[in-house]
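In: Provided below are the primary sequence and the corresponding predicted coordinates.
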Number of protein chains: 2
Amino acid sequence: MTAIHLARPEDIDRLDTLVAAFHEEEGIALSPERRRAGLMPLLEGIPHGAAYLVGPSRAPIGYVIITFTWSVEYGGLDGFIDEIYMRPAVRGRGIAGEVMNALPASLAQQAGLRAIHLEVDKTNDQARRLYERMGFRERENYVIMSKRL
Amino acid sequence: MTAIHLARPEDIDRLDTLVAAFHEEEGIALSPERRRAGLMPLLEGIPHGAAYLVGPSRAPIGYVIITFTWSVEYGGLDGFIDEIYMRPAVRGRGIAGEVMNALPASLAQQAGLRAIHLEVDKTNDQARRLYERMGFRERENYVIMSKRL
C-alpha cells in the first residue's frame, strides 16, 4: 500500500514542484505566484479542498488534490479529483489508480464523503476506460457551462 | 430588482416546499427526510454551499442553491449553481436570469468567488442558448465521471 499523507504548509515546496511539473505537462499556464496562491490555502486547512502527497514524505512521487462541495441530492459532502499527478518515472505501476480508490474510500469513512467526481477529456478513451473499470460512470446527457467572474 | 436573501434555519419549511416542487418537476426522488438532510446544513452555515430565497421573505417565489468549492487554477473560490427554481406562476419574466447574474456578481465582490458553473441537459437548446447569452461557455471537450461511495 502506497503512503498517502495530507500536505501541510511546510510541504508547500515539495508540492509546488510536482504541481509545476503537472501544469507544464498539461499546458496550464500559471505564474509561480498564482500557483502558490491557489495551493497554499489548501495546505492551511480551508474546508474546500485538500492536497495529498503520495510516497515518502520527504521525496513524494506524486500528489492529488481533492476539492469538496455539497450535494443536496446525496445529502452530504461531494468530492472532486481536481488534479492527480505521478512523476513519469513511477508511471505504469497502478499507483494513481490505487490512490484514486483508497483516498475517496477513506474520506467516505472519515468525513462522510458521498460521491467522487472527475473530469476527463472526451477523446481520451484509455483514461475513460480506466476510470470506468474503477467504478466511475459518465454523466452522458449533461454539459458543464462556466463563467468567469 | 428582485429581493434575494440567504435562507436561515427558520426558513426550512418555506425552502423545502419549493425544493419538493422542483424535485417533483425534475423527477428527482428523495424522501422528505433525505431532502431535509440535504438542505438543513446549508441553512446552518456550512462552508460548502448556501440556499437563497427569491422574492418576499414570507412568501418566496423561488430559490437557488449555490455550492462552493476551490479552484487551484483560478486561485480562489468556485461556485456551482446546484438548483434554481421559480414557481410556475412567475416564469417568463426573466427573474431566474436576473438572479443568476446578480447573485454570482455579489458573491464575487463579497466572498471572492472567481467563477460560476452549472450543468445543463445537452439536448435543451433553449437553456443552453439562454446561458450563453448570460456569459456561460461550454466545456466542450470534457465529460464528468462520477462514483458513489
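Out: Everything's here; your move. Numbers count the residues shown, from 1 in each chain, chains lettered A, B, ... in the order given.

In: Can you pull out the low-pLDDT segments for chain A?
Out: Per-residue confidence for chain A (pLDDT under 70) gives no ranges below the cut-off.

In: where's A:Ala3 relative to chain B, distance?
Out: For A:Ala3, the distance to chain B equals 22 Å [CB to the nearest CB, to the nearest Å]. No exception for glycine: its C-beta is placed from N, CA and C like everyone else's.

In: tally of neighbours for that residue?
Out: Using other CB atoms under 10 Å in any protein chain shown, A:Ala3 has 12 neighbouring residues.

In: Pretty sure it sits against A:Gly55.
Out: Yes: counting by CB atoms under 8 Å, A:Ala3 does reach A:Gly55; the two are 6.1 Å apart.

In: can you pull out the strands in chain A?
Out: A:4-6, A:49-54, A:62-71, A:76-86, A:113-121, A:137-138, A:142-148 (DSSP state E).

In: mind listing what's buried in stretch A:89-99?
Out: Across stretch A:89-99, burial judged by 16 or more other CB atoms under 10 Å in any protein chain shown covers A:Ile95, A:Ala96, A:Val99.

In: and the last one, what does it touch?
Out: Neighbour list for A:Val99: A:Thr2, A:Ile4, A:Tyr52, A:Val54, A:Gly62, A:Val64, A:Ile84 [criterion: CB atoms under 8 Å, 6 or more residues apart in numbering or on different chains].

In: Export those to JSON lines and append columns for neighbour count.
Out: Putting the contacts of A:Val99 into JSON lines (neighbours: other CB atoms under 10 Å in any protein chain shown) gives the following:
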{"residue": "A:Thr2", "neighbour count": "16"}
{"residue": "A:Ile4", "neighbour count": "19"}
{"residue": "A:Tyr52", "neighbour count": "21"}
{"residue": "A:Val54", "neighbour count": "24"}
{"residue": "A:Gly62", "neighbour count": "22"}
{"residue": "A:Val64", "neighbour count": "22"}
{"residue": "A:Ile84", "neighbour count": "19"}
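
In: From chain B, how far out is A:Pro88?
Out: For A:Pro88, the distance to chain B equals 21 Å [CB to the nearest CB].

In: Over to A:Asp121?
Out: If you go by CB to the nearest CB, the gap between A:Asp121 and chain B works out to 6 Å.

In: quick one: A:Glu83 and A:Ala21 touch, right?
Out: No: taking CB under 8 Å as the definition, A:Glu83 is not a contact partner of A:Ala21, at 11.3 Å.

In: Look at those two and report which has more neighbours.
Out: Using other CB under 10 Å as the criterion, A:Glu83 and A:Ala21 rank with A:Glu83 on top: 20 against 15.

In: what's the closest non-adjacent residue to the more buried one?
Out: The shortest distance from A:Glu83 to any non-neighbouring residue, by CB to CB, 6 or more residues apart in numbering or on different chains, is to A:Ile65 (4.5 Å).

In: count of residues packed around the one you found?
Out: Other residues within reach of A:Ile65 by the criterion other CB under 10 Å amount to 23.

In: Next: A:Val120.
Out: Counted by other CB under 10 Å, the residues lying close to A:Val120 total 20.

In: looking at the sheet around it, what are its partners?
Out: B:Val143 (DSSP bridges).

In: try A:Met86
Out: With beta bridges defined as DSSP bridges, A:Met86 has these partners: A:Gly62.

In: Please report the distance of it from chain B.
Out: In terms of CB to the nearest CB, A:Met86 sits 17 Å off from chain B.

In: Was I right to think that residue contacts A:Ala96?
Out: Yes: applying CB under 8 Å, one finds A:Met86 in contact with A:Ala96, separated by 5.2 Å.

In: Find residues that contact each of those two.
Out: The contact sets of A:Met86 and A:Ala96 overlap at A:Gly62 (CB under 8 Å, 6+ apart).

In: Identify the spatial nearest neighbour of A:Pro41, chain neighbours not counted.
Out: If you skip the residues right next to it in sequence, A:Pro41 has B:Trp70 as its closest partner in space, 7.1 Å away by CB to CB, 6+ apart.

In: Bridged to the one you found, which residues?
Out: Taking DSSP bridges, one obtains B:Leu77 as the residues bridged to B:Trp70.

In: Now for it: which residues touch it?
Out: Remark: with contacts taken as CB under 8 Å, 6+ apart, B:Trp70 is in contact with A:Pro41, A:Leu42, A:Ile46, A:His48, A:Gly49, A:Thr67, A:Asp82, B:Gly76, B:Leu77, B:Asp78.

In: Let's see the PyMOL selection covering just the buried ones among the residues you listed.
Out: Buried members of the contacts of B:Trp70, defined by 16+ other CB under 10 Å, are picked up in PyMOL with:
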select buried, (chain A and resi 41+42+48+49+67+82) or (chain B and resi 76+77+78)
